[in-house]
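S.K.: Sharing a sequence plus its predicted fold:
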Amino acid sequence: MVIEDVVAYPVWVGRRNQLLVKVTTDCGLYGWGEAGLPSREKAVMGAIEHYRGLIVGRDPMEVGRLWQLLYRSQYFEGGHVLSAAISAIDIALHDIRGKALGVPVWQLLGGKQREMVEAFGSCGTDSDEETIEQAAMLAKSGFRCVRLQLAWRDGAGRLEGETPGTYEARTAIARDAELVCAVRERLPSDVSLGVDYHHRLSVAEAASFCQRLPAGTLDFLEEPIRDECPSAYGALRRMTPIPFAIGEEFGSKWQALPYIEQDLMQFLRIDICLVGGFTEAMKVSAWAEAHYIDVMPHNPLGPICLAASIHLAAALPNFSWVEYLHSPVLPEPALDEELFPQRPKIDGTRFPLPTEPGLGVEVNEDVAKRKAFAFFEMPKLRRSDGSLTNW
């Protein structure tokens, strides 16, 4: 069996594009992967086309060897465009291996560590009252972990194309701290509470937010600042005891290295569609286990990313919750049932372990070919003085 072709499908689904990747073999087996670099799909497609020339004709069962080939095949290693392309191909190769051996992917990763995969519920609107009610509803629905998406407030999360939103951190953190305290009061004491700032704050702003909260209010703070400078997280770590959930931007084990080795995080938000697929995600997760860091997979894309995250979570001893954006308060967008005729489905607040060979996801290529790629940019946020800030 050898790889026959690699095809990328940039498909508009819901409110953004998904970059689906199919790897085919000469014996009829195929696998699906997904690349995790939203709004830069065409750049990733260029890398995938280049990588196609490197792996066509090679044995798809040699996944680790092919990963090394793709990563080391250029003098300038790394970068998120390349890691996203490698991730999609690696996930598709694992799908092929599972199908070839007749087992779900989690069996290839050492077998299952658990009987189901627990999800956390997300909520957040521009209305404090609605956000409090949403959080309470999630807890009542059975979610044992609730995450507030504070990053989506103050106009920050309104996907308005090129229309810039406005975000003033100092104004936001004062209001957000009051909201978090109110939510904590409504939740049962055994429900974990986290907040996501989407790396929108500075060190001083993040510290100010944390210092406004009574001890025990938050169980984790997700991506409060950007990740390029680990020492900045070290400074913030010294200013607050709140656990950090970091890692959705990591594109390799080397990017994760200082955060793990310096104990700068307590939850690893690894993104299997960006970090390098199963091959790299398992290595980083095992490294995190040695530092007593739980894995909380980042899962913002589509059914392929979700399925891959579930298989990863099933095989890890150090797993907490998987991200699932859809819930009783955030219904799933109008996914085309024809596009994904087979995909993971949640049972209450948990995902059953897949039993089908491979990933257990099917894509209707005819529909994928018809669903046109659409130019899309993430919101461009500005402060009230007109200067650009993080989204």
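M.R.: Structure's in. What do you need? Numbering: from 1, shown residues only.
S.K.: When you work out contacts or count neighbours from here on, use the C-alpha atoms and nothing else.
M.R.: Noted.
S.K.: Can you show me the helices along the stretch 201-350 of the chain?
M.R.: For the stretch 201-350 of the chain, the helices defined by DSSP state H, counting those that start in this stretch occupy 203-211, 230-237, 253-261, 277-290, 303-315.
S.K.: Pretty sure residue 190 sits against residue 144.
M.R.: Yes - judged on CA atoms under 8 Å, residue 190 makes contact with residue 144 at a distance of 7.3 Å.
S.K.: more neighbours, those two?
M.R.: Set side by side, residue 190 and residue 144 show more neighbours around residue 144, with 20 against 9, by other CA atoms under 10 Å.
S.K.: Now do the contacts for the more buried one.
M.R.: 120, 190-192 (CA atoms under 8 Å, 6 or more residues apart in numbering).
S.K.: thinking again about what came up before, taking the helices of the stretch 201-350 of the chain together, which one is wrapped up most tightly?
M.R.: helix 303-315 (a mean of 26; mean count of other CA atoms under 10 Å).
S.K.: any idea how this structure splits into domains?
M.R.: Listed by automatic domain parsing, the domain ranges of the chain are 3-104, 107-358.
S.K.: Out of those, which gets nearest to residue 375?
M.R.: Evaluated over the domains of the chain, closeness to residue 375 peaks at domain 3-104, with 7.8 Å, by CA to CA.
S.K.: Please report how far the residue nearest in space to the middle of the chain lies from residue 218.
M.R.: For the chain, the residue nearest the mean C-alpha position is residue 298 (2.4 Å; CA atoms, centre = their mean). Residue 298 sits 19 Å away from residue 218, going by CA to CA, to the nearest Å.
S.K.: Same check on residue 270?
M.R.: For residue 270, the distance to residue 218 - CA to CA - is 21 Å.
S.K.: what about these two, which has more around it?
M.R.: A direct count of neighbours by other CA under 10 Å for residue 270 and residue 218 places residue 270 higher, at 26 against 20.
S.K.: I'd guessed that one sits against residue 297; true?
M.R.: Yes - look at residue 270 against residue 297 with CA under 8 Å: they come within range, at 5.0 Å.
S.K.: got any residues that touch both of those two?
M.R.: residue 248.
S.K.: what ranges do the helices span in the stretch 1-150 of the chain?
M.R.: Taking DSSP H, counting those that start in this stretch as the criterion, the stretch 1-150 of the chain contains helices spanning 41-55, 63-72, 80-101, 105-108, 128-140.
S.K.: if you compare the ones you listed, which one is most tucked away?
M.R.: Mean neighbour counts for the helices of the stretch 1-150 of the chain (mean count of other CA under 10 Å) peak at helix 80-101, with a mean of 27.
S.K.: where does the chain dip in pLDDT?
M.R.: 151-164, 332-336 (pLDDT under 70).
S.K.: quick revisit: for the helices of the stretch 201-350 of the chain, give me CSV that also has distance to residue 127.
M.R.: CSV is the format used below for the helices of the stretch 201-350 of the chain (distance: least, CA to CA, whole Å):
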stretch, distance to residue 127
helix 203-211, 19
helix 230-237, 29
helix 253-261, 34
helix 277-290, 37
helix 303-315, 29
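S.K.: out of those helices, nearest to residue 10?
M.R.: Per CA to CA, nearest to residue 10 of the helices of the stretch 201-350 of the chain: helix 303-315, 13.5 Å.
S.K.: Show me what that closest one is packed up against.
M.R.: If you count contacts as 3 or more CA pairs under 8 Å, 6 or more residues apart in numbering; DSSP states H and E, helix 303-315 packs onto strand 30-35, helix 105-108, strand 116-123, helix 277-290, strand 322-324.
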